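Visitor: Structure for the following, please:
(2 chains)
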There are 2 protein chains.
Amino acid sequence: MAVILGIDPGSVKTGFGIIEAGAGRPRYVTSGVIRLPPGPLPERLRVLVAGITELVELHAPSELAIEQVFMARSAGSALKLGQARGAAIVPCVTAGMQVSEYSARQIKQAVVGTGAADKVQVQHMVKTLLKLPGTPQEDAADALAAALCHVHTQAGLIALAGASAVRRRRVR
Amino acid sequence: MAVILGIDPGSVKTGFGIIEAGAGRPRYVTSGVIRLPPGPLPERLRVLVAGITELVELHAPSELAIEQVFMARSAGSALKLGQARGAAIVPCVTAGMQVSEYSARQIKQAVVGTGAADKVQVQHMVKTLLKLPGTPQEDAADALAAALCHVHTQAGLIALAGASAVRRRRVR
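Guide: Okay, here's the model as predicted:
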């Protein structure tokens, strides 16, 4: 049974999601959003790192799945996103976790079945695949999707064998 | 006596410099460059964070001075720089250090006396102000300059009172 942490890093809010993967369908553990306070960067990063560190200590994930970012709107936003992304990875590498990076396209392909899926489709499929009672917040859903993509990639198609059947029944 | 860590973050190599500041001229403790290995980002960040963590544990600095980055050549390089910068700050905020950010212009102004100074002038003035036997590497000099700028800013002009006299004698 592997515990996988997914992170959707952002300079304003960072989504996280934890799932357990083993035999059968991946099991939802927790998810949410760490909101970075407005103000100086060091305090923002401190809050982010404290949040991730708490998750790592509490759930002891062995693997991190994180979206690989290729493009940003501007150099300024890329720098801010990079700082959050770099900081979020630190507690994971410090804890000896294995880190895997996936492109947005890979994540959407793994979870929805098409790399061109929109945010709502990702939220819907994350809810369906993990049998959640409600739809997770956008950033939390993206983090769970990264974790599901990791399971999918690691275990091959078998792990999400039931997904395609579910997918055909989904309402857009 | 305050121990100040200066960091010049970079995605390929990150400069560091530690000085002690109290009464009189700031005293040089150590400086150098952490080279990030080629390869996957997580391993690069792990090496960077391990290096900074070691410095923090060994020298117990109470304050971090780091260059504030406003512009980067491209969104891609900004993202990489941001990741290194965010990761480098983490061990410092985790250790409860006070973090101060300074623009490149502020740092050059404080150390050389003009915000338009070039790298060689910064290296020369860092060598002179800290009475170093040799010229520090560029990234290490930039890190020491950030630390000196912090001392200068914290203590006012008094701390570096001797600097202007030295500056006039400098050879370009």
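
Visitor: so who does the residue of chain A found nearest chain B touch?
Guide: Going by Cβ to the nearest Cβ, chain B is nearest to residue A:82 of chain A, at 2.2 Å. No exception for glycine: its C-beta is placed from N, CA and C like everyone else's. Shown in contact with residue A:82 (Cβ atoms under 8 Å, 6 or more residues apart in numbering or on different chains): A:69, B:78, B:79, B:80, B:81, B:82, B:83, B:84, B:85, B:86.

Visitor: a helix runs through the fifth one, doesn't it?
Guide: Right, the one you point to is residue B:81. Yes: Residue B:81: assigned to a helix according to DSSP: H, G, I helix; E, B strand; the rest coil.

Visitor: Would you map the helices across chain A?
Guide: Secondary structure of chain A (DSSP state H): helices at A:41-59, A:75-94, A:104-111, A:119-129, A:138-155, A:163-169.

Visitor: what's the closest of those to residue B:40?
Guide: helix A:75-94 (10.5 Å; Cβ to Cβ).

Visitor: Which residues of chain A lie near chain B?
Guide: Residues of chain A lying close to chain B (Cβ under 8 Å from any Cβ of the partner chain) are A:40-43, A:45-46, A:49, A:64, A:69-87, A:89-94, A:99, A:101.

Visitor: List buried members of those residues by neighbour count.
Guide: A:41-42, A:45-46, A:49, A:64, A:69, A:72, A:75-76, A:78-87, A:89-94, A:99, A:101 (16 or more other Cβ atoms under 10 Å in any protein chain shown).

Visitor: which of the residues in stretch A:44-59 are buried?
Guide: For stretch A:44-59, the neighbour count (16+ other Cβ under 10 Å) marks A:44, A:45, A:46, A:47, A:48, A:49, A:51, A:52, A:53, A:55, A:56 as buried.

Visitor: Any chance of CSV for these, columns distance to residue A:119?
Guide: Output for the buried residues of stretch A:44-59, formatted as CSV (distance: Cβ to Cβ, whole Å):
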residue, distance to residue A:119
A:44, 24
A:45, 26
A:46, 29
A:47, 25
A:48, 22
A:49, 26
A:51, 22
A:52, 23
A:53, 28
A:55, 23
A:56, 27
